[in-house]
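> just need the structure, nothing else, for what follows:
(3 chains)
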Amino acid sequence: MDLTRRKMLALGTSALAMASLGAVPAFASLTDDAIAELTGGADIGEGSVTLTAPEIAENGNTVPIGVEAPGAVEITLYADGNPVPNVATFKFGPLSASRSASTRIRLAQTQNVVAIAKMEDGSFQMAKAEVKVTIGGCGG
Amino acid sequence: MASGVKPRVKVPKTAAAGDTITIKTLISHKMESGQRKDDDGNIIPRSIINRFTADFNGQNVIDVTLEPAISTNPYFEFEAIVPESGEFTFTWYDDDGDVYDTAKKITVS
Amino acid sequence: MQLKAKTIGLVTTLSIACGPVWADPDTDQLTINGDITIITEAAAPSHMEYIDTIYSGWRFRSDETQAVQMDDFDNPGMLGVENALAAWDTEEGSEGKSCASCHGAAESLAGIRAVYPKWNEAKGMVTTLEMEVNNCRETRMGAEKWKYTGGDMTDMVALISSVSRGMPVNVAIDGPAQSTWEAGKELYYTRTGQLELSCANCHEDSYGLMIRADHLSQGQINGFPTYRLKNTKLNSVHARFKGCVRDTRAETFAPGSPEFIALELYVASRGNGLSVEGPSVRN
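Residues are numbered from 1 along each chain as shown, chains lettered A, B, ... in the order given. Sure thing, here's the model as predicted:
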């Protein structure tokens, strides 16, 4: 394989990204606080929540997000880089089918979207996804 | 923000008993976040829809709390079980106290 | 100019290295409501010297943005169409008429969007849809004119576009419209502003490349009015022209000015063969 300049750049970037993932705490503290308030400090498991979000949002003003967590009674969405981390809470009633919902949200910058599901047994599950928010062309 | 707010919902007209159906809702609303400033540098006060509910024959399907991070013209898609013929009711609650609602009938065969 | 040349140069290097992912429009096909087939790719009209194939801006957008336009319920631009449908039936002005009084159903205007801007014999000039809407309001309804890029106007143009969706754009560029078309072409290739950019620099020479994080389209206007995720409202063609010219750091022409009318005719003619798809959804 020819190691072009572009590929070098790409390799360099991903190495950097890996390094920073290890170094930086997973959430901003405002989001930690908001999640702690929801869970009362209980352990949060992973694996039961599916969070659907674009890897790159063409505009941060309108980003399509979907969540699904079979067995959840409610799901709360957070955006850890927004001025206010809470985004929405979906409480599922008796006639809810799949415990899923989709909406469109605002993201002020590249950040993690976090979904915390409260399950029927009172335990908590989470999923998160990084969404890169891009800046438009010439500002127009 | 009471002017120009118009709810839209998409619900199938018919279903079989116990079927899962997909519902979509969209309401025209600015969702002023309270984070923006006007040309004079003053904060534009928050004015959003803060809650949305969907019920069927008096039983809840979904109850959503909205924060300012929900985009202009709030859009939701979710699934419901329809045990019998009846009516879905959809309600949006505005910060200014206004309530917008709409209803859709569905026939179960 | 130095800066611009460098920027485009850099982008070119990157996109060659990483293959066609960035360099071209995608290959997705657009059908709206599972029903209206939209032509998003066509052979360029013969008057275009430097481009062989024309593409709708839809083909340059991400899958998520594309999806919003594929169902009218999901497309917030249709909120504007609904507003206009109410206005369509509203009697206004000294004559007590509505649009419906003369035109009947809005569907009676199917095909109109596809051929505008168009030569207006009575006025002796090329007119846009916005001008014709105001012409109706003033002379037939005795009502106040709408602001050229105002919400009422853009909603109404979206309604008139929506009933022509799927029909190929086919504006006339010869006959009495020819001199206006030529003036528009002249503008298209004229560099403006401190950045010294013409329409062609970005939308003809560089479409498919990235301008910062944005995938540059051909600047086609078959999808206007367009609902932008950026400002969450319907945007008119002339408002978009103004934004583009402003971004070259130039004093812009006014919406509704002879310059923008001519430019609209010319840019529309570069899309002859693509389907009308307004109200579209873009970033």
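
> which ones are touching the closest residue to residue C:138 other than its chain neighbours?
Excluding the flanking residues, the one nearest residue C:138 by CB to CB, 6 or more residues apart in numbering or on different chains is residue C:145, at 5.9 Å. All C-beta spots, glycine's among them, are computed from the backbone N, C-alpha and C. Residue C:145 makes contact with C:134, C:137, C:138, according to CB atoms under 8 Å, 6 or more residues apart in numbering or on different chains.

> go with 10 Å
C:130, C:131, C:133, C:134, C:135, C:137, C:138, C:153 (CB atoms under 10 Å, 6 or more residues apart in numbering or on different chains).

> and for residue C:265?
Residue C:265 makes contact with C:116-119, C:126-128, C:171-173, C:177-178, C:180-185, according to CB under 10 Å, 6+ apart.

> so which of those residues are in helices?
The members of the contacts of residue C:265 that map onto helices under DSSP state H are C:178, C:180, C:181, C:182, C:183, C:184, C:185.

> hmm, the fifth one is touching residue C:257, no?
No - at 11.5 Å, residue C:183 does not count as touching residue C:257 under the criterion of CB atoms under 10 Å.

> which positions in chain C make contact with chain B?
Selection of chain C residues close to chain B by CB under 10 Å from any CB of the partner chain yields C:68, C:71-80, C:82-83, C:86, C:151, C:227, C:229, C:231-233.

> the same query, at a cut-off of 6 Å, please.
For chain C, the contact set with chain B under CB under 6 Å from any CB of the partner chain comprises C:73, C:76, C:79, C:232.

> mark which of those residues are buried, thanks.
Buried members of those, scored by 16 or more other CB atoms under 10 Å in any protein chain shown, are C:76, C:79, C:232.

> just to revisit the earlier point, let me know the closest of the ones in helices among the contacts of residue C:265 to chain B.
residue C:184 (33.3 Å; CB to the nearest CB).

> so who does the closest one touch?
C:262, C:263, C:265, C:266 (CB atoms under 6 Å, 6 or more residues apart in numbering or on different chains).

> widest-spaced pair of those residues?
Across the contacts of residue C:184, the longest distance by CB to CB is 7.4 Å; it joins C:263 and C:265.

> show the pLDDT at the residue of chain B positioned farthest from its centre.
If you look at how far each residue of chain B sits from its centre, by CA atoms, centre = their mean, the farthest one is residue B:40, at 33.1 Å. For residue B:40, the model assigns a pLDDT of 91.

> check which helix or strand covers it.
Secondary structure from DSSP states H and E places residue B:40 outside every helix and strand.

> residue of chain B with the smallest distance to chain A?
The minimum distance from chain B to chain A, using CB to the nearest CB, falls at residue B:60 (2.7 Å).

> who does that residue bridge with?
Bridge pairing for residue B:60 (DSSP bridges) gives the partners residue B:55.

> where along the stretch 101-250 of chain C do the helices fall?
C:112-115, C:129-135, C:151-162, C:178-188, C:199-203, C:237-247 (DSSP state H, counting those that start in this stretch).

> can I get those helices in a markdown table including mean pLDDT and distance to residue A:91?
What follows is the helices of the stretch 101-250 of chain C, written out as a markdown table (pLDDT from 0 to 100; distance: least, CB to CB, whole Å):
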| stretch | mean pLDDT | distance to residue A:91 |
| --- | --- | --- |
| helix C:112-115 | 98 | 44 |
| helix C:129-135 | 98 | 46 |
| helix C:151-162 | 98 | 35 |
| helix C:178-188 | 98 | 54 |
| helix C:199-203 | 96 | 47 |
| helix C:237-247 | 95 | 41 |
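
> just name the most buried of those.
With neighbours defined as mean count of other CB atoms under 10 Å in any protein chain shown, the helices of the stretch 101-250 of chain C peak in mean count at helix C:151-162, which reaches a mean of 25.

> just the CA atoms of it, as PDB, please.
What follows is helix C:151-162, C-alpha atoms only, in PDB (Å, rounded to 0.1, in the frame of the first residue of the first chain):
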ATOM      1  CA  GLY C 151     -42.800  34.400   4.700                       C
ATOM      2  CA  ASP C 152     -46.200  34.800   3.000                       C
ATOM      3  CA  MET C 153     -44.500  35.000  -0.400                       C
ATOM      4  CA  THR C 154     -42.100  32.200   0.000                       C
ATOM      5  CA  ASP C 155     -44.800  29.900   1.400                       C
ATOM      6  CA  MET C 156     -47.000  30.700  -1.700                       C
ATOM      7  CA  VAL C 157     -44.100  30.000  -4.100                       C
ATOM      8  CA  ALA C 158     -43.500  26.800  -2.200                       C
ATOM      9  CA  LEU C 159     -47.200  25.800  -2.800                       C
ATOM     10  CA  ILE C 160     -46.900  26.700  -6.500                       C
ATOM     11  CA  SER C 161     -43.700  24.700  -6.700                       C
ATOM     12  CA  SER C 162     -45.100  21.700  -4.800                       C
END
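
> now that helix, how far from the centre of its chain.
Distance of helix C:151-162 from the chain centroid (CA atoms, centre = their mean, to the nearest Å) equals 12 Å.

> might you report the residue contacts of the closest residue to chain B within the stretch 151-283 of chain C?
Relative to chain B, the nearest point of the stretch 151-283 of chain C is residue C:232 (3.7 Å; CB to the nearest CB). Shown in contact with residue C:232 (CB under 6 Å, 6+ apart): residue B:72.

> element containing the closest residue to residue C:184 other than its chain neighbours?
Using CB to CB, 6+ apart and skipping the chain neighbours, the partner closest in space to residue C:184 is residue C:266 (2.9 Å). In the assignment (DSSP H and E), residue C:266 maps to helix C:258-269.

> so who does the spatially most central residue of chain A touch?
The centroid of chain A falls nearest to residue A:113 when counting by CA atoms, centre = their mean (1.8 Å). Counting by CB under 6 Å, 6+ apart, residue A:113 touches A:53, A:79, A:129, A:131.
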